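In: From the sequence below, what's the structure:
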Amino acid sequence: MINTRKVASFIENVIVGTEEKKEHNEIVVKVVKGLAENDLYIKLEKYKWKVRKVGFLEVLIGPKGTKMEEEKMKKVLYQLTSIYS
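Out: Numbers count the residues shown, from 1 in each chain. Presented below is the predicted three-dimensional model:
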């Protein structure tokens, strides 16, 4: 599923990104079935479903690409201004 470029995984995180809602639902079903077939399970309450933007590995991923999370960016800028002041 990762080779389709619509699923990413890192340790215990899985992200599904698609353009169409129908395709998204189909891929989520495949991912959950694949996990169950390999005796891996998810806690539904831990996951965010059908969101347009999501934080993943300290970046914000959305329809317009990826960018650093706002709070992280503020901390970096603060540190840079204090170093070069």
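In: pull the longest helix from this structure.
Out: helix 21-37 (DSSP state H).
In: and the helix or strand just after that helix, what's its mean pLDDT?
Out: Downstream of helix 21-37, the next assigned helix or strand under DSSP states H and E is strand 54-56. Average pLDDT, strand 54-56: 79.
In: same thing with stretch 67-85?
Out: Average pLDDT, stretch 67-85: 80.
In: Identify the residues contacting it?
Out: Residues outside stretch 67-85 that contact it (C-beta atoms under 8 Å, 6 or more residues apart in numbering): 55, 58, 59, 60. Bear in mind the C-beta positions are built from the backbone N, C-alpha and C, glycine included.
In: before we move on, back to that, helices or strands next to the longest helix of the chain in the packing?
Out: Under the contact criterion of 3 or more C-beta pairs under 8 Å, 6 or more residues apart in numbering; DSSP states H and E, helix 21-37 touches strand 13-16.
In: In terms of secondary structure, what does the strand it packs on contact?
Out: The helices and strands touching strand 13-16, judged by 3+ C-beta pairs under 8 Å, 6+ apart, are strand 7-10, helix 21-37, strand 54-56.
In: Just the CA atoms of the longest one, as CSV, please.
Out: Extracted in CSV, the C-alpha atoms of helix 21-37 (Å, rounded to 0.1, in the frame of the first residue of the first chain):
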residue,chain,number,x,y,z
LYS,A,21,-13.5,10.5,-0.5
LYS,A,22,-14.5,7.2,-2.1
GLU,A,23,-10.9,6.3,-2.8
HIS,A,24,-10.0,7.3,0.8
ASN,A,25,-12.6,5.0,2.3
GLU,A,26,-11.5,2.1,0.1
ILE,A,27,-7.8,2.5,1.1
VAL,A,28,-8.6,2.9,4.8
VAL,A,29,-10.6,-0.4,4.6
LYS,A,30,-7.6,-2.1,2.9
VAL,A,31,-5.2,-0.7,5.5
VAL,A,32,-7.3,-1.9,8.5
LYS,A,33,-7.8,-5.3,6.9
GLY,A,34,-4.1,-5.6,6.2
LEU,A,35,-3.3,-4.7,9.8
ALA,A,36,-5.8,-7.3,11.1
GLU,A,37,-4.4,-10.0,8.8
